[in-house]
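Engineer: Quick one: sequence and predicted model below, then my questions.
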Amino acid sequence: MKATSGDARRGAIDLTRGIAATWWYTISAVIFFEAMIALLWTTTWTVASGAAWQGLLAGAVGVVWVACTVPLLLVHRSRSESDPLVAKRLVPLVLVAAASGAVLGVLTHSWLLGLLLPAHAVVLLNWSRGVRLRLVMAMTAALAAAWWVDARGGGGVLAVEGAPMLAAFCVMLPGVAVLSLWWWDVLVALDRARVAESRLAATQERLRVATDVHDLQGHHLQVIALQLELAEKLMDRGETGAALEQVRAARVSVADATQGTRDLATRFRSAPLSDELANARDLLQAAGVAAALEMPADADEAPGAVLGPVIRETTTNVLRHGGGRMARLSLARVDGAWRYEIANDRAGAAEARDGAGLEGIGRRVAEVGGRLDVRRDPDAFAVVVEVPEEVVR
């Protein structure tokens with residue numbers, strides 16, 4: 001059960017990191033599809049016209065068109081249906097795309113290419129979901145009709161061998177682009193649900209802790225109050241010995257309450273060492289550091305009471321003072337000891353200025369018979385901690 005919860009937590013963090021990469025994959029795929037279509041009409045029209053300058057002009061129109069659609073795509077990363085249909089700064093791009101379509105249509109004698117550019121720009125606007133779906137269907141039908149008109153005309157760019165593939169890609173483009181954006185919206189919704197779930201879990205955990213603390217302290221305080229009340233009554237009756245026994249019992253109850261509170265805090269504060277290492281890696285990666293982790297399957301058998309704070313302290317040092325792009329964490333059994341190492345680039349000078357953390361780690365490790373080794377190189381910094389296997393977890 002513990003391993004399952006750890007895997008779920010690490011999977012959720014991987015989703016957080018991966019959603020940003022998925023955005024760039026999605027947008028890159030749409031832009032690549034646009035560029036491929038522009039390259040196809042450029043080469044096709046160069047062959048059909050027999051004039052290189054006309055092919056270059058068609059290619060220039062394609063470059064302008066792709067450049068106009070990129071900002072229209074990028075706004076979808078953080079779009080909301082409450083936003084305006086098109087931001088004022090993007091209106092010129094839509095107009096340029098429409099003008100480019102007119103130029104391309106006249107140049108290549110193609111209704112399909114002339115309609116494609118403005119149609120694609122229009123479907124990329126911030127339509128609501130239902131409206132966008134109907135709009136894509138209408139635009140796809142209009143592009144198919146324009147293809148049919150061009151084919152009946154028998155001239156222009158679609159008269160060249162291989163042009164049907166270009167025409168098919170043109171008809172597919174609005175649907176492909178909107179399907180990609182819909183997929184991104186789904187991922188955003190999933191990520192928001194994950195964040196809401198994690199916040200709910202944290203709230204439930206706080207409520208559980210509060211309930212446990214209330215039950216523990218409430219019981220002991222009630223017992224202490226009764227014992228002191230009884231001692232007061234006994235003293236009023238002159239039974240000093242019996243009253244003293246009740247005071248001593250109250251003192252024992254206070255000690256029990258204190259120890260119970262410590263045990264409760266320790267239970268909630270402790271975590272399996274494998275989770276500590278995975279959390280450290282995830283935290284570094286979330287901060288933009290390329291962190292790698294190596295640990296054995298029995299990592300939870302390592303003394304977490306000693307190594308857990310060491311892992312948290314060294315990870316914090318890398319985040320505060322590292323300044324680099326790479327970090328490597330590892331845990332292994334070596335010659336009867338657990339060996340933990342964290343190394344990162346470009347951190348030597350910064351760590352040298354912050355010796356308090358390393359001194360604390362050294363004292364903690366020395367108390368259990370372990371050792372601390374700090375390596376400072378011109379372009380790297382490493383902290384190595386070895387703790388005997390027999391140290392209590």
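Structural biologist: Sure thing, it's come through. These numbers were taken from a predicted model, which means no experiment stands behind them.

Engineer: For this protein, which helix or strand comes out least confident on mean pLDDT?
Structural biologist: Least confident helix or strand of the chain, by mean pLDDT, DSSP states H and E, is helix 348-353 with a mean of 43.

Engineer: buried stuff in stretch 296-313?
Structural biologist: 299-300, 302-304, 306-308, 310-311, 313 (16 or more other CB atoms under 10 Å). To be clear about C-beta, it is placed using only N, CA and C from the backbone, and glycine gets the same treatment.

Engineer: in the stretch 201-350 of the chain, which spans are helices?
Structural biologist: 240-269, 273-286, 304-317, 348-353 (DSSP state H, counting those that start in this stretch).

Engineer: Save these as CSV, and put in distance to Pro174 too.
Structural biologist: Below are those laid out as CSV (distance: least, CB to CB, whole Å):
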stretch, distance to Pro174
helix 240-269, 53
helix 273-286, 36
helix 304-317, 47
helix 348-353, 52
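
Engineer: And the buried residues of stretch 296-313, which two are furthest apart?
Structural biologist: Asp300 and Glu313 (19.8 Å; CB to CB).

Engineer: circling back to that earlier point, wait, which of the helices of the stretch 201-350 of the chain is closest to Ala168?
Structural biologist: helix 273-286 (41.5 Å).

Engineer: how about low-confidence regions in the stretch 151-300 of the chain?
Structural biologist: 154-162, 198, 202, 205, 265-271 (pLDDT under 70).

Engineer: can you give me the strands for it?
Structural biologist: 290-294 (DSSP state E, counting those that start in this stretch).

Engineer: In contact with the most far-flung residue of the chain relative to its centre: list those residues for me.
Structural biologist: Checked against the mean C-alpha position of the chain, the extreme residue using CA atoms, centre = their mean is Gly238, at a distance of 70.1 Å. For Gly238, the contact set (CB atoms under 8 Å, 6 or more residues apart in numbering) is empty.

Engineer: Would you report the backbone torsion angles of it?
Structural biologist: phi 80, psi 10 (degrees, to the nearest 10).

Engineer: My read is that Leu230 contacts Leu244, right?
Structural biologist: No - judged on CB atoms under 8 Å, Leu230 makes no contact with Leu244 at a distance of 11.6 Å.

Engineer: Between those two, point out the one with more neighbours.
Structural biologist: Leu230 (17 against 13; other CB atoms under 10 Å).

Engineer: who are the neighbours in contact with the residue nearest to the more buried one when sequence neighbours are not counted?
Structural biologist: Leaving aside its sequence neighbours, Leu230 sits nearest to Gln246 (CB to CB, 6 or more residues apart in numbering; 5.0 Å). By CB under 8 Å, 6+ apart, the residues touching Gln246 are 227-228, 230-231, 234.

Engineer: Looks to me like Phe381 is in a helix.
Structural biologist: No - per DSSP: H, G, I helix; E, B strand; the rest coil, Phe381 lies outside any helix segment and is strand.
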